[in-house]
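In: predicted model, plus sequence, below.
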Amino acid sequence: MPELEALKQEAALRAVTLVRSGMRVGLGTGSTAKYAIEAIGERLASGDLRGVVGVATSDASEALARRVGIPVEPLDPRPLDLAIDGADEIDPQLNLIKGLGGALLREKLTEVQARELVIIADHTKLVTRLGEKAPLPVEIARFGFLSTIERLRQLVPGGRLRQPGAQPYVTDNGNYIYDAQLPERFDAAGLERQLKGTLGVVETGFFLGMAQRAFVAAPEGVRELRCP
């Protein structure tokens, strides 16, 4: 297993120790979250856990959960005991950028209902400021998307529509994603309000003030970070 993959798995395994029998758990999406889903499935299969129910943040995570034996329920108004997910960037206050995997809307809808959101990542995801390494994914409606992009460029001039092939990337919700290049200096909370107030924008990849702790794996071990 390549080094970064091994680190992702280490972080995921630490977070899964927080899962208790009878919990409703938000199941994240992406290359790190998959290790958590697999580990929960293994604990259920061994009898170490009982009665755990998952709420998946994407079609892919739901399929994986079912494959490893985790019962899955749709999101409803009940709170989740715990949510475990990865992140694309983590700043010193545990503010996050998420959404490079394309599931930001469902992730935010699910994780805002969690009593505790635990982030799992390798050390390359740590940044001193959001936007340092990754763009900000912004999910936008397909109808009139070119007009929406023009409005977005009034706020964040740099960026592009996510288009891995001949056609734009389509989320599980049938929307497009615009990857905005953030400036070096900006107010994240203020920019989020402006972006979400832009006609055609469905959701942003800013996850501000949502995570309570993070397990971050590096070659020297796994660190537990707490929200300051």
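Out: Sure thing, it's come through.

In: quick one: contacts for Leu199?
Out: Shown in contact with Leu199 (CB atoms under 8 Å, 6 or more residues apart in numbering): Thr148, Arg151. In short, each C-beta sits where N, CA and C put it, glycine included.

In: what's the next secondary structure element after the helix or strand harbouring Arg193?
Out: Per DSSP states H and E, Arg193 falls inside helix 188-196. Once the chain leaves helix 188-196, the next helix or strand it forms, by DSSP H and E, is strand 201-204.

In: in that next one, what counts as buried?
Out: The neighbour-count check on strand 201-204 (16 or more other CB atoms under 10 Å) flags Val201, Val202, Glu203, Thr204 as buried.

In: pLDDT at the second one, what is it?
Out: Among the per-residue scores, Val202 holds a pLDDT of 98.

In: okay, domains of this structure per the record?
Out: 3-126+208-219, 136-203 (automatic domain parsing).

In: tell me the confidence at Met1?
Out: 57.

In: let the chain start at 30 from now.
Out: Taking 30 as the first residue, the last one we looked at is Met30.

In: and the residue nearest the centre of this protein?
Out: For the chain, Lys127 is the residue whose C-alpha lies nearest the centre (CA atoms, centre = their mean; 4.6 Å).

In: now that residue: how far from Thr227?
Out: 19 Å (CB to CB, to the nearest Å).

In: hang on, the earlier thing: the residue nearest to the centre of the chain against Met239, yeah?
Out: No. Lys127 is beyond contact range of Met239, at 9.5 Å (criterion: CB atoms under 8 Å).

In: shared neighbours of the two, anything?
Out: Lys137.

In: list the buried residues in stretch 40-51.
Out: Neighbour-count burial for stretch 40-51 flags Ala40, Ala41, Leu42, Arg43, Ala44, Val45, Val48 (criterion: 16+ other CB under 10 Å).

In: show me what that stretch is in contact with.
Out: Residues contacting stretch 40-51 (CB under 8 Å, 6+ apart): 54, 61-62, 64-65, 68-69, 72, 78-81, 110-111, 113, 145, 147, 149-151, 244-246, 251, 253.

In: got the end-to-end distance for it?
Out: From its first residue to its last, stretch 40-51 covers 23 Å (CA to CA, to the nearest Å).

In: quick check: the residue of the chain most remote from its centre vs Asp110, distance?
Out: The centre of the chain is farthest from one residue, Gly76, which by CA atoms, centre = their mean lies 28.4 Å away. As judged by CB to CB, Gly76 and Asp110 stand 20 Å apart.

In: for Leu146, same thing?
Out: If you go by CB to CB, the gap between Leu146 and Asp110 works out to 11 Å.

In: ok, Ala89 next?
Out: Distance from Ala89 to Asp110, by CB to CB: 23 Å.

In: repeat for Leu237
Out: 22 Å.

In: quick check: phi and psi at Glu39.
Out: Main-chain dihedrals, Glu39, degrees, to the nearest 10: phi -60, psi -50.

In: give the contact list for it.
Out: Ala246, Val251.
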